[in-house]
Structure formats: C-alpha cells, structure tokens
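*Asks:* This is a predicted model, with the sequence first.
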Amino acid sequence: MADWILSILMLAGLGLLAGGVYLIRTGKNKKQGWLMLAAAAVMFLNVAIWTIPTPGAEPGNETLVPDALE
C-alpha cells in the first residue's frame, strides 16, 4: 500500500512540475507557477525522506514506521 502512495505522490509532483514550468514559460501566472514548483519540490523531498532506509530496517519489511516509533 505504501508503494502506491509514494507512486501517486511522484506522479502528482511531476504534474505540478510540468504545470509550474508551463505557467512560468508562458507568463500567464508566474506566481502560481513558482508555487507549483515549490509544492513539487516538497512532494519529491517527502518521497525521498520516506524511502531512505533506517538503521535496523530489514529488507522486505513493508512498514514505513521506524522501529524506534513502534
């Protein structure tokens, strides 16, 4: 289930990235374009944080909660 959520976040981030670049390049609404790029960056960083392996994590363990928080 977690891999589906991360995949959807990546697709949404790509959509925001493409839309932001489009808005900035066409000059229609540059402020909204920059905000979309910022939102895309936040999504990509969230995915990166969640996919970083934690110390003591076992391969194949599907839980996203680190052992220290359980």
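*Replies:* Structure received. Treat the numbers as computed from the prediction; the structure is a model and nothing was measured. Numbers count the residues shown, from 1 in each chain.

*Asks:* C-alpha from now on. contacts and neighbour counts both.
*Replies:* Noted.

*Asks:* which regions of the protein lie under the pLDDT threshold?
*Replies:* 57-70 (pLDDT under 70).

*Asks:* so where do the helices sit in it?
*Replies:* All helices of the chain, identified by DSSP state H, fall at 2-26, 30-51.

*Asks:* okay if I get those as CSV plus mean neighbour count?
*Replies:* Converted to CSV, those look like this (neighbours: other C-alpha atoms under 10 Å):
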stretch, mean neighbour count
helix 2-26, 16
helix 30-51, 16
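
*Asks:* what residues are up against the spatially closest residue to N29 that is not a sequence neighbour?
*Replies:* Spatially, and ignoring its direct neighbours in sequence, N29 is nearest to L23 (5.7 Å; C-alpha to C-alpha, 6 or more residues apart in numbering). Residues counted as contacts of L23 (C-alpha atoms under 8 Å, 6 or more residues apart in numbering) are N29, K30, Q32, G33.

*Asks:* Please report the distance of P55 from V47.
*Replies:* Using C-alpha to C-alpha, to the nearest Å, one gets 18 Å for the distance from P55 to V47.

*Asks:* typo on my end, it should be N29
*Replies:* In this view, N29 and V47 are 27 Å apart by C-alpha to C-alpha.

*Asks:* can you check S7 too?
*Replies:* S7 sits at a distance of 9 Å from V47 (criterion: C-alpha to C-alpha).

*Asks:* Repeat that for L35.
*Replies:* Shown here: L35 relative to V47, a distance of 19 Å by C-alpha to C-alpha.

*Asks:* With I8 instead?
*Replies:* Distance of I8 to V47, given as C-alpha to C-alpha: 10 Å.
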